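Peer 1: Give me coordinates for this.
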Amino acid sequence: MRPAKTLEWIGLTIVKRYLSTSTSDKVEDVHSDPAYFQKGIDLILHGPSGLATTIDLKVDSYFGSDPNRKVRGLCNPDSGFILLETISQLRFDRERWSNVQGTLPARNHPDVPGWFFTSTADQVYYYFVAILNNGSELRPLHNEWTKKVTAGSGADKIENQLLRMLRIDRDLLISYELDKARSWFEAAPESAFGGFGAAVNPAYVTVNKRSLRERFVSEVPAKNHGSLFSKVAAAQL
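Peer 2: Residues are numbered from 1 along each chain as shown. Model (predicted):
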């Protein structure tokens, strides 16, 4: 089980439970529905009036309180940034010579824009969570949960078990309307950013623009929900 999948699973579980206890809206989990993959939609909130709000959930492990403590893929020192994925796949395989624009065209597969430009969700829920459990502790439970979800069975009992065993350093949820964030992005000066961050894959690089988190929240504006896990854990008692 890759750490990224573990992180997504934990974030999804905590955010779903938070929404189900903090709003009267019905929470629909569509993260495993292929019909929503290309749309970038993980959750749908169905309001009493019939209004639906779609959510693209992002989970980030760079929120740890200790600058020296790391748990691979699950807990890292706080970066102070919120990441905006501008390129999902920047391909390595390119022509040897540049074109008239002075760029090297991708050879066999085109570059792919990032979720910040392609997601059709109404809102992004960006959840920072630093998890102190080792991935091996969580693997058996995640495998069981995956089987339940794949079979279309309820996974509430497994999620309850996860919430009881989790050790969280700290967490933070920030939500924002995607169209407002895009408008802000186009007008924001470079002082609002801290350059780019890249994740290297075998055939491509994923590129994120690193926005200063506090400035992003105040200027977009975005909503700071604070810590979720303390509220969710209390509801388990």
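Peer 1: hang on, Met165 packs against Glu137?
Peer 2: Yes - between Met165 and Glu137 there is a contact under Cβ atoms under 8 Å: 7.3 Å. (C-beta placed from N, C-alpha, C; glycine too.)
Peer 1: Below-threshold pLDDT in the chain: ranges please.
Peer 2: 1, 236-237 (pLDDT under 70).
Peer 1: Is the residue lying farthest from the centre of it in a helix, a strand, or coil?
Peer 2: Residue farthest from the centre of the chain, counting by Cα atoms, centre = their mean, is Val100 at 37.6 Å. Under DSSP: H, G, I helix; E, B strand; the rest coil, Val100 falls in the coil class.
Peer 1: Residue numbering should commence at 438 henceforth.
Peer 2: From this message on, residue numbering opens at 438, which makes the last subject Val537.
Peer 1: how deep is the residue nearest to Gly517 when sequence neighbours are not counted tucked in, by neighbour count?
Peer 2: Excluding the flanking residues, the one nearest Gly517 by Cβ to Cβ, 6 or more residues apart in numbering is Arg650, at 5.7 Å. The number of residues packed near Arg650 is 23, by other Cβ atoms under 10 Å.
Peer 1: what do you get for His468?
Peer 2: Around His468 sit 17 other residues, with neighbours defined as other Cβ under 10 Å.
Peer 1: just checking, it touches Asp479?
Peer 2: Yes - with contact defined as Cβ under 8 Å, His468 reaches Asp479; the gap is 4.2 Å.
Peer 1: Can you pull the residues that touch both of these two?
Peer 2: Jointly contacting His468 and Asp479 under the rule Cβ atoms under 8 Å, 6 or more residues apart in numbering are Leu449, Leu494.
Peer 1: which residues does Phe666 contact?
Peer 2: Shown in contact with Phe666 (Cβ under 8 Å, 6+ apart): Ile451, Val566, Leu603, Ile605, Asp608.
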